[in-house]
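In: here is my input; please provide its structure:
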Amino acid sequence: MSEDPLRSLVVELQYLEGTAQAIQQRIGLIDATITEMQVANSTIEGLRDESVGTDVLMPVGGGSYIRAKIADNEKLIVDIGADVAIEKTLAEALESYNTRVSALQKARSALEQQIAKVVARIEQGREELQKLAKEAEGKGNV
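Out: Modelled structure (predicted):
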């Protein structure tokens, strides 16, 4: 048996492993975004119970906070994508985040199905590779 089937199978397996890693990275990004949205939801829920003028700590990045007072607890500015933000009521913001989390969970599920198929093909390819390697070894072609 020639080495061409072995080489092409090795190349295919390398490609599939790269694909699996890319999918796993996308799942990680989705998980991070879902977590961020859930934190935002919790924060918005907490705002419902606070009154105007309440002192809060507002994150400014890098683990730093600034003291602030709630000026309006009925509306907030929500990022809707493409560097665009709009004013929404707390209820609208919560609904928006819940919708986005649901869409992200569906995307995550689809990616999990894709990665399962890729992993199954990798396992199948590895079995084929071992079989071809044994056959080549038996014929002294390795």
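
In: from here on, just use CA atoms for contacts and neighbour counts.
Out: Fine.

In: quick one, helices of this protein?
Out: For the chain, the helices defined by DSSP state H cover 4-48, 90-138.

In: in a markdown table: those helices, plus mean neighbour count, mean pLDDT and distance to Gly63.
Out: Converted to a markdown table, those look like this (neighbours: other C-alpha atoms under 10 Å; pLDDT from 0 to 100; distance: least, C-alpha to C-alpha, whole Å):
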| stretch | mean neighbour count | mean pLDDT | distance to Gly63 |
| --- | --- | --- | --- |
| helix 4-48 | 15 | 92 | 15 |
| helix 90-138 | 15 | 92 | 23 |
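
In: out of these, which comes closest to Tyr65?
Out: Closest to Tyr65 of the helices of the chain, according to C-alpha to C-alpha: helix 4-48, at 14.9 Å.

In: quick check: angle from the closest one to helix 90-138?
Out: Put simply, helix 4-48 runs at 160 degrees to helix 90-138, going by axes from the mean of the first three to the mean of the last three C-alpha atoms, to 10 degrees.

In: centre of the chain versus helix 4-48, how much separation?
Out: With C-alpha atoms, centre = their mean, to the nearest Å as the basis, helix 4-48 stands 4 Å off its chain's centre.

In: just checking, what packs against it?
Out: Helices and strands touching helix 4-48, as assessed by 3 or more C-alpha pairs under 8 Å, 6 or more residues apart in numbering; DSSP states H and E, comprise helix 90-138.

In: mind giving me the packing neighbours of the helix it packs on?
Out: Checking 3+ C-alpha pairs under 8 Å, 6+ apart, helix 90-138 ends up next to helix 4-48, strand 75-81.
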